[in-house]
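Colleague: The following comprises the amino acid sequence and a computationally predicted model.
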Amino acid sequence: MIACFSLGTVDILPARNIPASSRPSFTSQDALIFLQRCATFKQMKQIHAKIIRNSLDQHQVVVAKLIRLCSSYGEPDYAASVFEQIDNPSTFAWNLLIRAYTVNNCSNRAILLFNLMICRGVCVDKFTFPFVMKSCLDCCSVEKAKEVYGFAVRTGFVGDVYLDNVLLDLYFKCGVLDDGLKLFDKMRFRTVFSWTTVISGLVLNGRIDAAQQLFDEMPDRNVVSWSAMIKGYAESETPEKAFELFAEMQYDGAKPNEYTLVGLLKACIKLESLKLGCWVHDFAIKNGFEISVFLGTALIDMYSKCGSLEYAKRVFEEMEVKNVATWNVMISSLGVHGHSQEALALFEEMEKMNVKPDAITFAGILNACLQTDNIEKVREYFNHMIEYHGIEPGFEHYVCLLDMYSRTTELYE
């Protein structure tokens with residue numbers, strides 16, 4: 001169930017020819033200092049080899065640090081090999097490996113490891129369940145989540161508000177609204193996070209009226225709950241209410257954050273209002289908001305969809321930090337506005353900057369190529385996507401190919 005790899009292939013620190021009696025001792029404290037200073041996975045493996053040679057591979061704190069590092073380097077298999085060498089792993093070690101699998105998108109393995117933990121009679125604690133539940137969410141396995149939650153209740157964790165909140169989040173994200181609402185009604189203790197989770201869940205599932213009713217009943221509102229409601233109205237059939245709610249938010253004395261402003265920008269797109277979009281941008285600047293990747297990308301999208309490519313380009317150029325989503329929005333904006341050559345040139349710049357493109361990038365690029373009627377370029381970028389970047393073509397890419405072939409047929413006719 002858990003991968004176990006031979007340690008014989010581990011790249012170890014070079015041994016020195018020093019007699020065993022005169023060899024300096026390497027303590028658990030030394031190991032922890034080395035691991036703290038570790039900068040790469042290769043270095044970590046060398047330190048691990050030294051830990052084994054000095055018989056520290058059973059030291060619970062050292063092993064815990066090793067498993068954490070493996071997880072941070074995206075190496076859950078190596079974490080499992082470390083875990084397998086422990087004669088009697090503690091609950092803490094089991095929890096760490098479950099967490100390592102969960103955060104590294106190995107959700108099924110996290111659930112299987114939890115099952116093994118229970119079968120072996122290992123004691124669980126309140127830190128065991130949240131990551132197992134998170135794995136259930138990643139798999140959208142509602143029944144398994146109910147089973148895990150039931151086990152938690154039977155083992156004495158009834159009324160644990162953190163665990164209740166995790167299950168609430170799962171129910172709404174998996175679309176099981178009735179179960180989510182029932183759980184919320186039964187909760188002995190509700191935090192602001194509990195209320196916000198339900199409100200966000202109702203918004204996510206298009207139940208904006210029910211969300212508003214709950215929001216009105218909420219004893220203490222925070223910026224997250226306000227932002228969730230603003231986002232909900234922005235994506236509804238009444239986007240103007242996002243601005244009405246924002247006015248209420250300011251009157252209530254709640255300070256908006258960038259998520260609040262991004263919700264307002266979505267409302268601007270729905271309302272097709274460049275004027276309101278400029279107002280939101282101006283509000284952000286006057287109130288000291290940094291134009292972060294998240295906010296900047298939303299501004300580019302809003303300006304483009306509200307008809308001002310010039311403003312979109314200006315925001316893009318002024319942004320100090322950009323991620324792949326930022327480049328994607330700018331490339332697709334140029335293509336939509338008929339600036340196909342600029343879109344292709346920007347993609348070339350993106351690659352020179354060593355920003356790794358994704359499937360969305362190539363959807364924008366292929367569409368830009370089609371606008372230039374350059375069929376060879378479509379083929380070239382399609383192959384470049386697969387062969388150089390290893391991206392599997394999706395529906396939107398094949399649509400571009402079909403469009404290309406239909407145009408080729410027309411040319412021959």
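Modeller: All right, it came through fine.
Colleague: can you list the weak-confidence ranges in the chain?
Modeller: Within the chain, the ranges that satisfy pLDDT under 70 run 1-24, 407-413.
Colleague: Once you drop chain neighbours, what's closest to residue 308?
Modeller: Leaving aside its sequence neighbours, residue 308 sits nearest to residue 274 (CB to CB, 6 or more residues apart in numbering; 5.8 Å). C-beta: built from backbone N, CA, C; applies to glycine.
Colleague: Next one: that neighbour relative to residue 310, how far apart?
Modeller: According to CB to CB, to the nearest Å, residue 274 and residue 310 sit 11 Å apart.
Colleague: can you check residue 404 too?
Modeller: Going from residue 404 to residue 310 by CB to CB gives 30 Å.
Colleague: Neighbour count for those two, which is higher?
Modeller: Counted by other CB atoms under 10 Å, residue 404 and residue 310 do not tie: residue 404 has more neighbours, with 21 against 9.
Colleague: Spatially nearest residue to that one (excluding sequence neighbours)?
Modeller: Nearest residue to residue 404 in three dimensions, chain neighbours excluded: residue 378, at 4.7 Å (CB to CB, 6+ apart).
Colleague: List the contacts of the one you found.
Modeller: Residues in contact with residue 378 (CB atoms under 8 Å, 6 or more residues apart in numbering) are 366, 369-370, 400-401, 404.
Colleague: Taking those, tell me the two that lie furthest apart.
Modeller: Distance extremes for the contacts of residue 378: the farthest pair is 369 and 401 at 10.8 Å, using CB to CB.
Colleague: Pick out whichever of the two has more residues nearby.
Modeller: Legend: neighbour count by other CB under 10 Å for residue 369 and residue 401, higher for residue 369 (24 against 15).
Colleague: Buried residues, the strand or helix carrying the more buried one. List them.
Modeller: Using DSSP states H and E, the secondary-structure element containing residue 369 is helix 359-371. Under the neighbour-count criterion of 16 or more other CB atoms under 10 Å, helix 359-371 has 360-370 buried.
Colleague: quick one: which of those residues is nearest to residue 314?
Modeller: residue 364 (19.6 Å).
Colleague: Skip the chain neighbours and tell me the closest residue to the closest one.
Modeller: In space, and not counting its chain neighbours, residue 364 is closest to residue 332: 3.9 Å by CB to CB, 6+ apart.
Colleague: tilt between whatever helix or strand the one you found lives in and helix 359-371?
Modeller: Here residue 332, judged by DSSP H and E, is contained in helix 324-336. If you take axes from the mean of the first three to the mean of the last three CA atoms, to 10 degrees, helix 324-336 sits at 20 degrees to helix 359-371.
Colleague: what packs against helix 324-336?
Modeller: If you count contacts as 3 or more CB pairs under 8 Å, 6 or more residues apart in numbering; DSSP states H and E, helix 324-336 packs onto helix 293-305, helix 309-318, helix 340-352, helix 359-371.
Colleague: hmm, who's touching the first one?
Modeller: Going back to what we said before, that points to helix 293-305. Looking at helix 293-305 with CB under 8 Å, 6+ apart, the contacting residues turn out to be 258-259, 261-262, 265-266, 268-269, 272, 274, 277, 280-281, 284, 289, 291, 309, 311-312, 315-316, 319, 321-323, 325-326, 329-330, 333, 336-337.
Colleague: Buried subset of these as a ChimeraX selection?
Modeller: ChimeraX command restricting the contacts of helix 293-305 to the buried ones, with burial defined by 16+ other CB under 10 Å:
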select :258,259,261,262,265,266,268,269,274,277,280,281,284,291,309,311,312,315,316,319,322,325,326,329,330,333,336,337
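Colleague: could you dump the helix holding residue 332 to PDB, C-alpha only?
Modeller: Output of helix 324-336 as PDB, limited to C-alpha atoms (Å, rounded to 0.1, in the frame of the first residue of the first chain):
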ATOM      1  CA  VAL A 324       1.000  32.300 -16.000                       C
ATOM      2  CA  ALA A 325      -2.600  33.400 -15.500                       C
ATOM      3  CA  THR A 326      -1.500  37.000 -16.100                       C
ATOM      4  CA  TRP A 327       0.300  36.200 -19.300                       C
ATOM      5  CA  ASN A 328      -2.700  34.100 -20.500                       C
ATOM      6  CA  VAL A 329      -5.200  36.900 -19.900                       C
ATOM      7  CA  MET A 330      -3.000  39.400 -21.800                       C
ATOM      8  CA  ILE A 331      -2.400  37.000 -24.700                       C
ATOM      9  CA  SER A 332      -6.100  36.100 -25.100                       C
ATOM     10  CA  SER A 333      -7.000  39.800 -24.800                       C
ATOM     11  CA  LEU A 334      -4.700  40.700 -27.600                       C
ATOM     12  CA  GLY A 335      -6.200  37.900 -29.700                       C
ATOM     13  CA  VAL A 336      -9.800  38.800 -29.000                       C
END
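Colleague: Please compute how far that helix lies from its chain's middle.
Modeller: Its chain's average C-alpha position is 21 Å from that of helix 324-336, according to CA atoms, centre = their mean, to the nearest Å.
Colleague: can you check stretch 203-220 too?
Modeller: On CA atoms, centre = their mean, the centre of stretch 203-220 falls 25 Å from that of its chain.
Colleague: got it, and stretch 134-142?
Modeller: Worked out by CA atoms, centre = their mean, stretch 134-142 lies 15 Å from the chain centre.
Colleague: Okay, buried residues for it please.
Modeller: Residues 134-138, 141-142 are the ones in stretch 134-142 that count as buried (16+ other CB under 10 Å).
Colleague: That'll do, ta.
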